[in-house]
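Participant: What would the 3D arrangement of this be:
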Amino acid sequence: MSRADVIREGAVREGAAESVRAPGPLWTLGLLRSELLITFRRWRTLALLGVLAAVPVLVGIAVRIETGDGSSLGGGGGGGGGGGEGPAFISQISNNGLFLVFTALAATLPFFLPMAVGVVAGDAIAGEASAGTLRYLLVAPAGRTRLLLTKYATVIAFCLAATLVVAVSALAVGALLFPAGELTTISGTRITYAEGLGRALLIALVVAASLVGVAALGLFVSTLTGSGIAAMATTVGLVITVQILDQIPQLDALQPYLFSHYWLSFADLMREPVYWDDLVRNLGLQALYAAVFGSAAWARFTAKDITS
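Facilitator: Got it, this is the predicted structure:
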């Protein structure tokens, strides 16, 4: 028996002895803390957050250059709550830098944010399997259900962190390059800058909540394979495919059930009064996807033979 086999056998025996004691809440919090630290210390995660932070900078600089001679950008107009109000905010950036937050979130939500979440979620289980560490995580008294929930909570934390990175970056760039003051809502009413900040925070939270369906989908895919790269690529590919399907007019009967259909409904938070219908549909749809694919991930993971 090799030295590596001896170490593995010792780890299994030690874990089996420890598993007699049920882990308490503090142990679970420690596991979650460990997962958060590992995830957010990875260079890949930092690179993803760096790319997300750069998007508002590029948009802000482009708008600043375009409007540097005193001209204004075209745009504006309205439409249905889920039909793309977000990009129309770009025409308001030169008047108030806070609109850069809304524009940056609208620009990153269709691709950059779900791609980043897909990478992290797809790697959650499959990455451990490909690295050969999944067996040793399960040797500890965590249990498969507890480990899966911890992984999902970590991905949700990344959803929130990624969204806030975009929002904070856009807020800083908007304050540096453009004026600040009262805002004009989509409905044409005026609100104070403080109220605008509150709505910006609420919009960021809604955008983060809009990604929980993708997170559950990625986690499910991650339980199907032992290759982290394959799981990440599959999740990102599915996100892109769903977005393409959401743009085909002949599939209009199917589109309300696609997780991306109501993503841009966050623009309705900039109406006076707020339109809640599409916002509620979006959050309900994300909860449905989280329940379905979360259950599928649990069923797969708890019955899966772990060999690595």
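Participant: alpha carbons only for contacts and neighbour counts from here, please
Facilitator: Fine.
Participant: Which of the helices or strands spans Phe293?
Facilitator: Phe293 is located in helix 277-303, with elements delineated by DSSP states H and E.
Participant: Equivalent analysis for Thr241, please.
Facilitator: Using DSSP H and E, Thr241 maps to helix 228-245.
Participant: and that helix, what does it pack onto?
Facilitator: When contacts are defined as 3 or more C-alpha pairs under 8 Å, 6 or more residues apart in numbering; DSSP states H and E, helix 228-245 sits against helix 112-131, helix 212-222.
Participant: Do you know the pLDDT at Leu288?
Facilitator: Model confidence at Leu288, given as pLDDT, is 97.
Participant: who touches it in this structure?
Facilitator: Counting by C-alpha atoms under 8 Å, 6 or more residues apart in numbering, Leu288 makes contact with Gly213.
Participant: what does Ser169 give?
Facilitator: For Ser169, the contact set (C-alpha under 8 Å, 6+ apart) comprises Ala53, Ala54, Pro56, Val57.
Participant: ok, those residues vs Ala267, which is closest?
Facilitator: Nearest to Ala267 among those, counting by C-alpha to C-alpha, is Pro56 at 17.4 Å.
Participant: Can you find the helix or strand in the chain with the smallest mean pLDDT?
Facilitator: helix 3-18 (a mean of 40; mean pLDDT, DSSP states H and E).
Participant: Can you name the next helix or strand after that one?
Facilitator: Following helix 3-18 toward the C-terminus (DSSP H and E): helix 25-41.
Participant: pLDDT (mean, whole number) over that next one?
Facilitator: Mean predicted confidence for helix 25-41 is 82.
Participant: Stretch 150-160 now?
Facilitator: For stretch 150-160, mean pLDDT rounds to 95.
Participant: What residues sit buried inside that stretch?
Facilitator: By neighbour count, with 16 or more other C-alpha atoms under 10 Å as the criterion, the buried positions of stretch 150-160 are Thr150, Lys151, Tyr152, Ala153, Thr154, Val155, Ile156, Phe158, Cys159, Leu160.
Participant: now swap in stretch 244-256 and tell me
Facilitator: Leu245, Asp246, Gln255, Pro256.
Participant: Likewise for stretch 109-120?
Facilitator: Those would be Leu109, Pro110, Phe112, Leu113, Pro114, Met115, Ala116, Val117, Gly118, Val119, Val120, for stretch 109-120 by 16+ other C-alpha under 10 Å.
Participant: pLDDT added to these, as JSON lines?
Facilitator: Output for the buried residues of stretch 109-120, formatted as JSON lines (pLDDT from 0 to 100):
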{"residue": "Leu109", "pLDDT": "92"}
{"residue": "Pro110", "pLDDT": "89"}
{"residue": "Phe112", "pLDDT": "94"}
{"residue": "Leu113", "pLDDT": "95"}
{"residue": "Pro114", "pLDDT": "95"}
{"residue": "Met115", "pLDDT": "94"}
{"residue": "Ala116", "pLDDT": "95"}
{"residue": "Val117", "pLDDT": "95"}
{"residue": "Gly118", "pLDDT": "93"}
{"residue": "Val119", "pLDDT": "93"}
{"residue": "Val120", "pLDDT": "94"}
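Participant: Kindly present those residues as TSV, with separate columns for distance to Leu134.
Facilitator: As requested, the buried residues of stretch 109-120 are exported to TSV (distance: C-alpha to C-alpha, whole Å):
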residue	distance to Leu134
Leu109	31
Pro110	32
Phe112	28
Leu113	27
Pro114	25
Met115	24
Ala116	22
Val117	21
Gly118	20
Val119	18
Val120	16
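Participant: From those residues, pick the one nearest Phe266.
Facilitator: The closest of those to Phe266 turns out to be Leu109 (C-alpha to C-alpha; 10.7 Å).
Participant: The closest one reaches Trp263, doesn't it?
Facilitator: Yes - Leu109 lies in contact with Trp263 (C-alpha atoms under 8 Å); the separation is 7.5 Å.
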